[in-house]
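J.: here is the input, now give the coordinates:
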Amino acid sequence: MRPEFIALFFPAVFLVLGGCAIAAALKQQRKAREQLAGLARRFGLELRRQPSRFGFEPLPTLEGRYRNRAVRFYTYTTGSGKNSTTWGAVSAAVAGAGGLTLELFPENFLVRIATALGMQDIRVGDPAFDQAFIVKSNDPAYAAAALLPEIRARLLAERARGAHGRLSIKGGTVQYAEVGGFGNEARVNRLADLLEAVCDLAEVAEVYKA
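T.: Residues are numbered from 1 along each chain as shown. Take a look at the predicted model:
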């Protein structure tokens, strides 16, 4: 292969690959916008656009009121560079938060090791739920009572459909988040279905008295 051809060939390959990556990213972003627009129609919420960064407009958030409280669908990123992780989330505001904190996440091998080493795991008295989830709270007795049968049933059903994210009550907000954005239809459906449980827990947190 002639040197001058090599000098042109590799830059051309990189340009093609880079163009394909950008096209794939734009396609995924369009799909995510369509999914968010569907959620907006379903729940009567509003798409809120965000300022452009370096010529690209971030994915909008979805905000409004549902069951008489402020709710949001949004993405956020933890870490940076190659170690960054995108999360899709749904949240509901807690009016007059009384100080209850709660974390609930699926049990797995690493979590079982952590609990064996002393990490808190509140038991609610429901064998299926206790086996599926780890529960942490600053008020174990209240947290166990707050996870009502209908909330537990909804969370177990969503776990069976692939919901392996984390649910938390903290700082006046109930949030469910899992890894990935809004380009995945199954994930968007899980987030939509979990809005009811998020709102249920917001009601529970509002009546909490330390």
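
J.: for the rest of this, base every contact and every neighbour count on C-alpha atoms.
T.: Fine.

J.: mind listing the helices for the protein?
T.: Remark: helices assigned in the chain by DSSP state H are 3-43, 109-116, 127-132, 140-146, 149-160, 185-206.

J.: and these, which one's lowest on average pLDDT?
T.: Here the lowest mean pLDDT among those goes to helix 109-116, at a mean of 55.

J.: enumerate every residue touching Gln175.
T.: 89-92, 166-169, 198 (C-alpha atoms under 8 Å, 6 or more residues apart in numbering).

J.: and the gap between the most centrally placed residue in the chain and Arg72?
T.: Compute the mean C-alpha point of the chain, and by C-alpha atoms, centre = their mean the closest residue is Ala177, 1.9 Å away. Distance of Ala177 to Arg72, computed by C-alpha to C-alpha, to the nearest Å: 12 Å.

J.: ok, for Gln35, nearest residue in space, not its chain neighbours?
T.: Phe182 (6.6 Å; C-alpha to C-alpha, 6 or more residues apart in numbering).

J.: tally of neighbours for that neighbour?
T.: 26 (other C-alpha atoms under 10 Å).

J.: so it makes contact with Val188?
T.: Yes: with contact defined as C-alpha atoms under 8 Å, Phe182 reaches Val188; the gap is 5.8 Å.

J.: find the residues that touch each one of the two.
T.: In contact with both Phe182 and Val188: Gln35, using C-alpha under 8 Å, 6+ apart.

J.: still on that earlier bit, hang on, the residue nearest to the centre of the chain packs against Thr85?
T.: No: with contact defined as C-alpha under 8 Å, Ala177 does not reach Thr85; the gap is 11.8 Å.

J.: using PDB, write out every CA atom in stretch 88-106.
T.: The C-alpha trace of stretch 88-106 is given here as PDB (Å, rounded to 0.1, in the frame of the first residue of the first chain):
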ATOM      1  CA  GLY A  88     -33.000   7.500  34.200                       C
ATOM      2  CA  ALA A  89     -35.200   8.600  37.100                       C
ATOM      3  CA  VAL A  90     -38.700   9.500  38.200                       C
ATOM      4  CA  SER A  91     -39.300  11.500  41.300                       C
ATOM      5  CA  ALA A  92     -42.100  13.100  43.400                       C
ATOM      6  CA  ALA A  93     -41.800  15.900  45.900                       C
ATOM      7  CA  VAL A  94     -42.600  15.500  49.600                       C
ATOM      8  CA  ALA A  95     -44.500  18.400  51.100                       C
ATOM      9  CA  GLY A  96     -43.200  19.300  54.500                       C
ATOM     10  CA  ALA A  97     -40.700  16.400  54.600                       C
ATOM     11  CA  GLY A  98     -40.600  15.200  58.200                       C
ATOM     12  CA  GLY A  99     -37.000  13.800  58.100                       C
ATOM     13  CA  LEU A 100     -37.700  10.200  57.000                       C
ATOM     14  CA  THR A 101     -34.900   8.700  55.000                       C
ATOM     15  CA  LEU A 102     -35.200   5.400  53.200                       C
ATOM     16  CA  GLU A 103     -33.200   3.400  50.700                       C
ATOM     17  CA  LEU A 104     -34.500   0.400  48.900                       C
ATOM     18  CA  PHE A 105     -32.600  -1.600  46.300                       C
ATOM     19  CA  PRO A 106     -32.600  -5.200  44.900                       C
END
